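Student: this one's sequence-less:
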């Protein structure tokens, strides 16, 4: 089944404790992206990747890192999480950056 | 940051009503306009991707039109059903950019 797999679904952590949210797709998509969803703000792009070893900042990259060592994986890294990073996060992928996106199931992150 | 506006913010209709929403986007350097349907506790799913001025797309009772010269798209739902209740998102891609900018969405509630 074609899908974007995101883990974990829920995560509660404390300020400053490094964490990684994983994202994997099995559709051989070149483009992958991370979004965060906050009430009243809509989906905002954090980082995106056009292909392996090619990443770029989105609209709200501060406090996040990504890597794209393999085509299928695009992990989101929070080196030192802060409470303002409490949010619902979505990973998404597509063949190219302007074709329809396939979304993962989301990660609800709470930073205490 | 590109400005993508959606209206209304929310809408409550009765089963059987037809309804429509608006997405406004910058008309210069247009490349593509996406519509997504996002049900509560699920992930956004693509409805349409439109690229040409005058494009009309249809999927069952849902259809969309595109006017790139004036920078707007309409999403229509004919004979709304309770299962149509969701947030409808539009997203815009500017020519030469590899990123989607999302609007804040229109939340539709269809009562039986």
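Tutor: Good, I have the coordinates. What you are looking at is a predicted structure, and each value in this text was computed from that prediction instead of being measured. Residues are numbered from 1 along each chain as shown, chains lettered A, B, ... in the order given.

Student: What's the local residue count around residue 76?
Tutor: In the absence of a named chain, this looks at chain A. 22 (other C-beta atoms under 10 Å in any protein chain shown). For every residue, glycine as well, the C-beta is placed using N, CA and C.

Student: try chain B instead
Tutor: For residue B:76, the neighbour count with other C-beta under 10 Å is 15.

Student: Go through whatever helix or strand it lives in and flag the buried ones.
Tutor: Taking DSSP states H and E as the criterion, residue B:76 maps to strand B:72-77. Judged by neighbour count (16 or more other C-beta atoms under 10 Å in any protein chain shown), strand B:72-77 contains these buried residues: B:72, B:73, B:74, B:75, B:77.

Student: From residue A:111, how far out is the residue most central in space within chain A?
Tutor: Central residue of chain A (C-alpha atoms, centre = their mean): residue A:34, 3.1 Å from the mean position. Separation of residue A:34 from residue A:111 (C-beta to C-beta, to the nearest Å): 16 Å.

Student: Next: residue B:49.
Tutor: From residue B:49 to residue A:111 the distance is 35 Å (C-beta to C-beta).

Student: OK, contacts around the residue lying closest to residue B:35 once chain neighbours are set aside?
Tutor: Leaving aside its chain neighbours, residue B:35 sits nearest to residue B:47 (4.3 Å; criterion: C-beta to C-beta, 6 or more residues apart in numbering or on different chains). For residue B:47, the contact set (C-beta atoms under 8 Å, 6 or more residues apart in numbering or on different chains) comprises B:35, B:36, B:37, B:59, B:62, B:64, B:75, B:88.
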